[in-house]
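1. Here is the input, now give the coordinates:
(one chain, ligands or ions: 1)
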Amino acid sequence: MKFLSMEEEYKLKIALVVDIIRQEEKLLIKALNDRNVDYDVINVGQEPIPFNKALGKYDIGIIRPVSMYRALYSSAVLEASGVHTINSTEAISICGDKILTYSKLFKNSIPIPDSIIAASPDAVMKAYEQMGFPLIDKPPIGSWGRMVSLIRDVYEGKTIIEHREMLNNAALKVHIIQEYIKFKNRDIRCIVIGEELLGCYARNIPPNEWRANVALGGNPTPIQVDDKLRELAINAAKVVKGEFVSIDILEHPMKGYVVNELNDVPEFKGFMLATGINVAEKLIDYIIKIYRA
Ligand SMILES: Nc1ncnc2c1ncn2[C@@H]1O[C@H](COP(=O)(O)OP(=O)(O)OP(=O)(O)O)[C@@H](O)[C@H]1O
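-> Take a look at the predicted model:
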């Protein structure tokens, strides 16, 4: 029997595309080193990426930029040279925009919060009236809960409309007006890799907040995963063509689980704290298992 050297064994060449190195990226680098996988870190926050077939030396691009457009475009350029990116450009473009995400989910009968899209101040006022207060108003792009607003009456609504109109970004002037789902004072975040659910945890809403983001102090706690939750998370990931995504789920008093959003560059500090699962190792093991030559 011939024993393969580590290099022969793992013929994969990986591009780890980043714009900053967070704890998540450090863990990915550690997992790559531990498994002796050949990789380069491409920092698109500092380095240009040419349209160049030489990029085709990479088998896989792990796309990790925090900035949505850096993630989207670096994935597109790598894909153009034949690199398989995780996530794909298509998945990033869908998940990076909540309206595109909801459109895919709704079309595929995956429950979402009742939502209305409004693209002008007049349309927003009408949408507020149709939805009724209290309601949530959020822009289609953004993360860490920024600009996600709980609006209790028309005065607060008018303030939000005015502020958004002042922003120099067309997408931020579009509003998603949404039912406020207060039910359990928490939201659930699951991670799917490939077609499997890695796990889920809950983020409890901290004091003086109504949002559960870990970045805002949301407290990660373990939960029991039932079949419905598992099925919903896997289906939602599939519908947006996500290969490594996190899925945010709210619990509705009548409708049960509803998908709030998906993230194509998932953060996983909170997930690891609550579940003890090393997401970086699982992702690299998955890549080795599925894509090793
Ligand atoms: N319709 C809603 N009803 C109740 N709470 C909501 C609703 N929409 C958002 N939230 C709360 O606000 C938080 C942030 O909202 P959302 O996830 O839509 O924004 P985000 O900026 O994309 O956040 P993330 O960093 O998770 O990507 C959610 O985690 C949830 O706690």
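
2. Name the SS class of the nearest residue to K184 once chain neighbours are set aside, please.
-> In space, and not counting its chain neighbours, K184 is closest to E251: 4.8 Å by CB to CB, 6 or more residues apart in numbering. The C-beta positions use only the backbone N, C-alpha and C, and glycine is treated the same way. Three-state call for E251 (DSSP: H, G, I helix; E, B strand; the rest coil): strand.

3. could you check the distance from E251 over to the ligand?
-> Here E251 is placed at a distance of 10 Å from the ligand (CB to the nearest ligand atom, to the nearest Å).

4. Neighbours of that residue, how many?
-> By the measure other CB atoms under 10 Å, the count of residues near E251 is 18.

5. Run through the helices of the stretch 51-200 of the chain in chain order.
-> Listed in chain order, the helices of the stretch 51-200 of the chain (DSSP state H, counting those that start in this stretch) span 68-80, 89-95, 98-107, 121-131, 154-165.

6. which residues sit against the second one?
-> This points to helix 89-95. Contacts with helix 89-95, where a contact means CB atoms under 8 Å, 6 or more residues apart in numbering, come from 63, 68, 71-72, 75-76, 79, 87, 100-101, 104, 240-243, 245, 261-265.

7. closest to F183 out of the helices of the stretch 51-200 of the chain?
-> Across those, F183 has its closest neighbour in helix 121-131 (17.1 Å, CB to CB).

8. any idea of the angle that closest one forms with helix 154-165?
-> Per axes from the mean of the first three to the mean of the last three CA atoms, to 10 degrees, the angle that helix 121-131 makes with helix 154-165 is 140 degrees.

9. All further residue positions should be reported with the first residue as 772.
-> Got it, first residue is 772 now, which makes that one helix 892-902.

10. pLDDT of helix 892-902, averaged?
-> The pLDDT scores in helix 892-902 average 98.

11. Pull out the buried residues from that helix.
-> With burial defined by 16 or more other CB atoms under 10 Å, the residues of helix 892-902 counted as buried are 895, 898-899, 902.

12. And the contacts of helix 860-866, which of them are buried?
-> Going by neighbour count (16+ other CB under 10 Å), the contacts of helix 860-866 have 834, 839, 842-843, 846-847, 850, 858, 872, 875, 1011-1014, 1016, 1032-1036 buried.

13. so which of the residues you listed are also by the ligand?
-> Restricting those to those near the ligand by CB under 6 Å from any ligand atom leaves 1032, 1034.

14. which parts of the chain sit against the ligand?
-> Contact residues (CB under 6 Å from any ligand atom) of the chain with the ligand: 884, 907, 909, 913-917, 919, 949-952, 958, 982-984, 1019, 1021, 1031-1032, 1034.

15. Can you flag the buried ones in the residues you listed?
-> Among the residues of the chain next to the ligand, the ones that count as buried by 16+ other CB under 10 Å are 884, 907, 909, 914, 916, 919, 949-952, 958, 982-984, 1019, 1021, 1031-1032, 1034.

16. Can you tell me the closest non-neighbouring residue to Y899?
-> Nearest residue to Y899, sequence neighbours excluded (CB to CB, 6+ apart): G928, at 5.0 Å.

17. Pull the number of nearby residues for that neighbour.
-> Per other CB under 10 Å, the neighbour tally for G928 reads 22.

18. Per-residue pLDDT of it, please?
-> Looking at G928, its pLDDT is 98.

19. before we move on, what about the one 5 residues further on?
-> E933 carries a pLDDT value of 98.

20. May I ask which helix or strand of the chain has the lowest mean pLDDT?
-> helix 777-780 (a mean of 51; mean pLDDT, DSSP states H and E).

21. Show me what secondary structure element comes after that one.
-> Per DSSP states H and E, helix 777-780 leads on to strand 784-789 as the next helix or strand towards the C-terminus.
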